[in-house]
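Q: Coordinates for the following, if possible.
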Amino acid sequence: MNVVGMIPARMGSSRFPGKPITPVLGLPMLEHVYKRCAMAEGLSSLYVATCDEEIKSVVEGFGGKAIMTSDVHVRASDRIAEAAEGMEADVIVMIQGDEPMTQPGMIDAAVQPFIDDPTVLCVNLTKRITDKSEFQNRDCIKVVIDQAGNAMYMSREPIPTLANAPFEEIEAFKQVCIIPFTKESLAQFQALEPTPAEISESVDMMRFIEHGIPVRMVETDFDSYAIDRPEDVARIEELLRNDPLTATYMTQD
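A: Numbers count the residues shown, from 1 in each chain. Predicted structure coming up:
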């Protein structure tokens, strides 16, 4: 199976302009993401999809590959769909560029359902939320999953409700932003009209869910730590210092 990794990145983040190239332990944040993803056994190739020449230059400077896209995209999924046009691939894995703690095993776990079941069109990793403050954080995308293992709804609000049980007694899950598509389903995503909840929640996957296209959720033990705002950098740097994987590529420079 030909599996291509795509990391969407742009300079114009509303919450943190220039985020992809902000220094994290002395390296651009995007370099951490790229080098960790490149260790995934299941990836045939890896690219950054960007509309910014500055990002392209940084990526090529650390030995990565970049594909230029239009600057009109609102959704990261639309950006990688453009980057993947004409590319030979069975599966395109979208990997968020603001999660420098990404582990290679996360990518391999997310791709496995396509190997096991040829009817799968799109996969998201998910992790149980054990911290109430994370459950209440709007930067964390919560997901409700049906009995078949597919996403029913994703929201930045705390779901399911705590009206009938305390946090400790509910099952709460978050989206972990490793999102593989088949090549065909990615093109389908791009062709579909954006949907009301996609826009109101600012969550790409709601476009598929609202159009009735199943999004298979795969639970992982790996946690996800995003840099959403400048104040997140120090916390992520401390986590990276204590992660054995960091030394395997930091020492190569």
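
Q: ok, the nearest residue to residue 197 once chain neighbours are set aside - contacts?
A: The shortest distance from residue 197 to any non-neighbouring residue, by Cβ to Cβ, 6 or more residues apart in numbering, is to residue 206 (4.4 Å). For the C-beta atoms, the positions are set from N, CA and C on the backbone; glycine is no exception. Each residue near residue 206 by Cβ atoms under 8 Å, 6 or more residues apart in numbering is listed here: 153-154, 195, 197-198.

Q: Out of the residues you listed, which is nearest to residue 9?
A: For the contacts of residue 206, the residue nearest residue 9 by Cβ to Cβ is residue 198; the value is 20.5 Å.

Q: List the buried residues for the host helix or strand of that closest one?
A: Assigned by DSSP states H and E, residue 198 belongs to helix 196-201. Going by neighbour count (16 or more other Cβ atoms under 10 Å), the buried part of helix 196-201 is 197-198, 201.

Q: which one of those sits closest to residue 123?
A: residue 198 (18.1 Å).

Q: still on that earlier bit, include pLDDT and distance to residue 3 when you put the buried residues of helix 196-201 into JSON lines, please.
A: Output for the buried residues of helix 196-201, formatted as JSON lines (pLDDT from 0 to 100; distance: Cβ to Cβ, whole Å):
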{"residue": "197", "pLDDT": "97", "distance to residue 3": "29"}
{"residue": "198", "pLDDT": "97", "distance to residue 3": "26"}
{"residue": "201", "pLDDT": "97", "distance to residue 3": "28"}
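
Q: Just the residues contacting the helix holding residue 198, thanks.
A: 75, 141, 153-156, 203-207, 209-210.

Q: still on that earlier bit, would you turn the contacts of residue 206 into CSV with distance to residue 53?
A: Formatted as CSV, the contacts of residue 206 follow (distance: Cβ to Cβ, whole Å):
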residue, distance to residue 53
153, 38
154, 33
195, 32
197, 34
198, 29
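
Q: Tell me which stretches of the protein form helices.
A: Assigned by DSSP state H, the helices in the chain fall at 29-37, 53-61, 76-84, 104-116, 132-135, 183-191, 196-201, 206-210, 233-241, 244-250.

Q: most packed of the ones you listed?
A: helix 29-37 (a mean of 25; mean count of other Cβ atoms under 10 Å).

Q: That helix vs helix 233-241, what angle?
A: Inter-element angle recorded for helix 29-37 and helix 233-241: 30 degrees (by axes from the mean of the first three to the mean of the last three Cα atoms, to 10 degrees).

Q: Return the list of helices and strands in contact with helix 29-37.
A: Secondary-structure packing of helix 29-37 (3 or more Cβ pairs under 8 Å, 6 or more residues apart in numbering; DSSP states H and E): strand 3-9, strand 45-50, helix 53-61, helix 104-116, helix 244-250.

Q: mean confidence score for the fourth one?
A: What that stands for is helix 104-116. Mean pLDDT, helix 104-116: 95.

Q: could I have that helix exported to PDB, CA atoms only?
A: Taking Å, rounded to 0.1, in the frame of the first residue of the first chain, the C-alpha atoms of helix 104-116 are listed here in PDB:
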ATOM      1  CA  PRO A 104       5.500   7.400  14.500                       C
ATOM      2  CA  GLY A 105       3.300   4.700  15.900                       C
ATOM      3  CA  MET A 106       0.300   6.900  15.800                       C
ATOM      4  CA  ILE A 107       0.500   7.000  12.000                       C
ATOM      5  CA  ASP A 108       0.900   3.300  11.700                       C
ATOM      6  CA  ALA A 109      -2.100   2.700  14.000                       C
ATOM      7  CA  ALA A 110      -4.300   5.100  12.000                       C
ATOM      8  CA  VAL A 111      -3.400   3.400   8.700                       C
ATOM      9  CA  GLN A 112      -4.100  -0.200   9.900                       C
ATOM     10  CA  PRO A 113      -7.900   0.000   9.400                       C
ATOM     11  CA  PHE A 114      -7.400   0.400   5.600                       C
ATOM     12  CA  ILE A 115      -5.400  -2.800   5.600                       C
ATOM     13  CA  ASP A 116      -8.000  -4.700   7.600                       C
END
